[in-house]
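Undergrad: Based on what follows, work out the 3D shape:
(one chain, ligands or ions: 1)
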Amino acid sequence: MSRKSNGTRENWGSQLGVILAVSGSAVGLGNFLRFPGQVANNGGGAFMIPYVVSLLIVAIPMATAEWALGRFGGRCGFHSPVGIYYSAGGRKALWGALGALTTVAPFIIGMYYVFIEAWCLIYALQYLGGVLAPLGLRFSLFQGVDAGLFFEDAAGYENFFGATVGIAKDGALFTQAASTTLLATLACVWINFRLTYRGVSRGIEWFCKMASPLILVCAIAVIIRVITLDNPSGIPGRSFLDGLGFMWNPSRNVLNESGEVVDRINVWTTLCDPGVWLAATSQIFFSISICLGAVCTYASYIQPRGDVALSSLASTATNELCEVAFGGLMSIPAAIMFLGPVAAGGFASSFALGFVVLPNVFGLMPLGQFWGFLFFFLLFLAAITSSISMLQPMVALFQETLSLTRERSALLSSGLNMLGTGVVCWFTFNLGALDVFDFWVANFLPLVAAILQTILICFVWGSTSLRSELALGARIKPPYFVVNILKFVSFPYMLLVVLFWGWRNMGSRVQEVVDSRVAQASLAFIGLSLVLTLALAIVLSKRRQKTPDENNETASPEP
Ligand code: TRP
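TA: Predicted structure coming up:
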């Protein structure tokens, strides 16, 4: 393992380390909050049809190809998606420029992701104050709020969440003398900075190795708790199986507060909605973090002879286990059991589910403070292992274009990232900026990026290069068929989803932007970040054209 701080020779310490780091990047808030929210909002079990289709025909082949692409870039001396695209795209500036899209996307997602990470930290600490009560230690981070988050009525949880995130008006968090939320956000920014500052092996890998077992233990403990809960109220329709049914039945009845059927969700109606297809495909991209810079950047740090197909399969499988089995079993079934079908109103957003409905459930559970702590601590750890992977592509880009040391690149990326976090923390009225960032960068852009990446891999870099890269260091039989799947199945499928969605829904989305100043400001910010990254991409290709790559002594682009 080299620790050279200009980063060009940095490597992961071990094969297990890289698998844990990539799995850590994949397993995050997307698995435990976003996924159940998306399922509940997009027709329950019916959502799983496009989800599984996308997993099989797009995500698995794409993840494998992206690992190969990343390692190829790494062997050519590049670690940023800009450099990786540039080297795979035959050293053409155009491909470097397109790589700017996949470098800036995770960077922007990271801007609001740390804000949510901070909420998890606050909730975990708030519960911890209650857990410690039997030891004579009890603390609350908020004046007038009980440690352990106990409220008399359901509205209490909503008000607490609203106050924590400053939902009432823009700038609300900045008017408090010492806003706990802003302090927690700063703490999270600092942790992310420190880990990227220490580098891929001593920072990211080290942290993921420590956090992964903890995440697993917490998740399993919470799952066992949920599965073994009794129907607390004894009211029919609130068993664990009813909860699962809400989550997983492709067609189901919509009940009102008193349990009467008021509507029916039909699987066919759900499947005819292009929004559901877009949501399912994007959820997969977001969750496995493919086509968004993170996987190819991480893969570029593996040893030239490290295995790619096996690692890709291992991390995708870990992610799906955490998402479908853990994320799908935990929150919604518990909420239906404790609150009944009326809880479904709170599933409308992933945030309401995680930060309002679930605290309400913990409040009703025996030892709820302990379970609340465990759940939010799990979320917090999983969020950190993800958010560091959002910074790393930009850190690598600064190293490659501005010739900064890793430490300085980490400082610069974290600083710039914090500016964006500032924008998100300011425009908190109904979480306006966060929603705009999330929709455009985490829902819409992944598909566009995926289509471009498929073109690059299949038609520019080419199937021969992909095949030889897959064969290099392979410990399992290289899955050569992914090339054809990507070309003939994934590519048309993704085009279809984007066109179908654009045709039906683009108009209303654009209208929303026209009507909202916050949306315009947020999009302008995203645009500016993209332009700056593009400028760096141009610098990179200009420089590399002038000086033949000095770092490529390990590279043999056509192995
Ligand atoms: N996969 C993470 C989650 O599920 C999110 C994530 C990590 C991500 N790294 C990324 C999303 C890079 C986009 C880009 O929470």
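Undergrad: neighbours around Ala471, how many?
TA: Neighbourhood size, Ala471 [other C-beta atoms under 10 Å]: 15. Every residue, glycine included, has its C-beta placed from N, CA and C.
Undergrad: Name the nearest residue to it, sequence neighbours excluded.
TA: Of all residues not flanking Ala471 in the chain, Pro478 sits nearest, at 5.0 Å (C-beta to C-beta, 6 or more residues apart in numbering).
Undergrad: where does this structure dip in pLDDT?
TA: Counting by pLDDT under 70, the chain has low-confidence residues at 1-8, 231-234, 256-259, 342, 345-346, 545-559.
Undergrad: and it, which residues reach the ligand?
TA: 25-26, 28-31, 106, 109, 286-287, 289, 292, 294, 386, 389-390 (C-beta under 6 Å from any ligand atom).
Undergrad: Return the distance of stretch 339-352 from the chain's centre.
TA: Counting by C-alpha atoms, centre = their mean, to the nearest Å, stretch 339-352 is centred 22 Å from the centre of its parent chain.
Undergrad: let me redo that: stretch 10-29
TA: For stretch 10-29, the distance to the chain centre is 14 Å (C-alpha atoms, centre = their mean).
Undergrad: that older thread, quick one: which of the residues of the chain next to the ligand is nearest Ala155?
TA: Leu29 (24.9 Å; C-beta to C-beta).
Undergrad: tell me, how many neighbours does that closest one end up with?
TA: For Leu29, the count of nearby residues is 25 (other C-beta under 10 Å).
Undergrad: contacting residues for it?
TA: Tyr113, Ile116, Glu117, Cys120, Leu379, Ala382, Ala383, Ser386 (C-beta atoms under 8 Å, 6 or more residues apart in numbering).
Undergrad: so the fifth one makes contact with Leu33?
TA: Spelled out, it's Leu379. Yes. Counting by C-beta atoms under 8 Å, Leu33 is a contact partner of Leu379 at 7.1 Å.
Undergrad: what residues are shared contacts of those two?
TA: By C-beta under 8 Å, 6+ apart, the residues touching both Leu379 and Leu33 are Gly354.
Undergrad: between the two, who's got more neighbours?
TA: Taking neighbours as other C-beta under 10 Å, Leu379 and Leu33 compare with Leu379 leading, 27 against 24.
Undergrad: how about that one, phi and psi?
TA: For Leu379, the backbone dihedrals are phi -60, psi -40 (criterion: degrees, to the nearest 10).
Undergrad: Contact partners for it?
TA: Applying C-beta under 8 Å, 6+ apart, we find Leu379 in contact with Leu29, Phe32, Leu33, Cys120, Ala124, Gly354.
Undergrad: Which one of these is nearest to Arg504?
TA: Leu33 (26.8 Å).
Undergrad: That closest one contacts Ala352, doesn't it?
TA: No. If you go by C-beta under 8 Å, Leu33 and Ala352 don't touch, sitting 10.2 Å apart.
Undergrad: What degree of burial does whatever residue of the stretch 101-250 of the chain ends up closest to the ligand show, as a neighbour count?
TA: Going by C-beta to the nearest ligand atom, the ligand is nearest to Pro106 of the stretch 101-250 of the chain, at 3.6 Å. Counted with other C-beta under 10 Å, residues neighbouring Pro106 total 27.
Undergrad: Over to it. Which of the three states is it?
TA: Here Pro106 is recorded as helix under DSSP: H, G, I helix; E, B strand; the rest coil.
Undergrad: Now list the buried members of the contacts of Leu29.
TA: Tyr113, Ile116, Glu117, Cys120, Leu379, Ala382, Ala383, Ser386 (16 or more other C-beta atoms under 10 Å).
Undergrad: Now render those as JSON lines, adding secondary structure and distance to Asp438.
TA: Converted to JSON lines, these look like this (DSSP: H, G, I helix; E, B strand; the rest coil; distance: C-beta to C-beta, whole Å):
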{"residue": "Tyr113", "secondary structure": "helix", "distance to Asp438": "9"}
{"residue": "Ile116", "secondary structure": "helix", "distance to Asp438": "10"}
{"residue": "Glu117", "secondary structure": "helix", "distance to Asp438": "14"}
{"residue": "Cys120", "secondary structure": "helix", "distance to Asp438": "16"}
{"residue": "Leu379", "secondary structure": "helix", "distance to Asp438": "17"}
{"residue": "Ala382", "secondary structure": "helix", "distance to Asp438": "18"}
{"residue": "Ala383", "secondary structure": "helix", "distance to Asp438": "15"}
{"residue": "Ser386", "secondary structure": "helix", "distance to Asp438": "14"}
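Undergrad: I am finished for the moment; much appreciated.
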